[in-house]
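*Asks:* need a 3D model of the sequence below.
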Amino acid sequence: MIKKRLVAIAMSLPLLLAACDEIPVSSGAAAGDVSRLQSLGYDVTGRSADGSTTVLRYSGPVNASVRCGTPSGPRGTLKPRVVAANGTVLEYELNTHLVVSGGGAVRDGLYVVSQITRPSGRGASKVESIAFEPGTRGTFVSGLSCQAT
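*Replies:* Just a heads-up that it's a prediction; the model follows:
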């Protein structure tokens, strides 16, 4: 049920973002820097006529715009692909839509981090996703939590 909701949110996000009013969100000055986000692979998907608002999108391996860690450990950028000793492969993907004001502040957005577990044998892959807004964090069942930088 939650996965269906995340898919619905992710698919309708561009329409929602285009219609939303400015909502101040504190997520750090670097997160709103359009140039920095573009250097991390974000694409500009829209810009207001006066240039005061920019919409950015990213879909790909987890990058430095998100930091993750366990409650007892340090936070850092996840490796997009990790192979465990037993051969199980963990892959991490990031899908993001952000609305950035002209001053560089993130007004609104959504981060979705997916963890794909591929067993070493012929078992089925498992996908778990978390979604969070700028200034908040999401936590996987395993305890791994992520938030925007």
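*Asks:* show me where the chain has its helices.
*Replies:* Applying DSSP state H to the chain gives helices spanning 2-19, 34-39.
*Asks:* got the contact list for residue 125?
*Replies:* 116, 117, 118, 119 (Cβ atoms under 8 Å, 6 or more residues apart in numbering). Just so you know, the C-beta spots here come from the backbone N, C-alpha and C atoms, and that holds for glycine as well.
*Asks:* now list the buried members of those.
*Replies:* Buried subset of the contacts of residue 125 (neighbour count, 16 or more other Cβ atoms under 10 Å): residue 118.
*Asks:* now, which of the contacts of residue 125 sits nearest residue 139?
*Replies:* Using Cβ to Cβ, the shortest approach to residue 139 within the contacts of residue 125 belongs to residue 117, at 16.6 Å.
*Asks:* which non-adjacent residue is nearest that closest one?
*Replies:* Spatial nearest neighbour of residue 117, excluding adjacent residues (Cβ to Cβ, 6 or more residues apart in numbering): residue 126 at 4.5 Å.
*Asks:* low-confidence ranges, this structure, go.
*Replies:* Low-confidence segments of the chain, defined by pLDDT under 70: 1-32.
*Asks:* do you know how far the spatially most central residue of the chain is from residue 135?
*Replies:* In the chain, the residue lying closest to the centroid (Cα atoms, centre = their mean) is residue 111, at 2.9 Å. Residue 111 sits 11 Å away from residue 135 when distances are taken as Cβ to Cβ, to the nearest Å.
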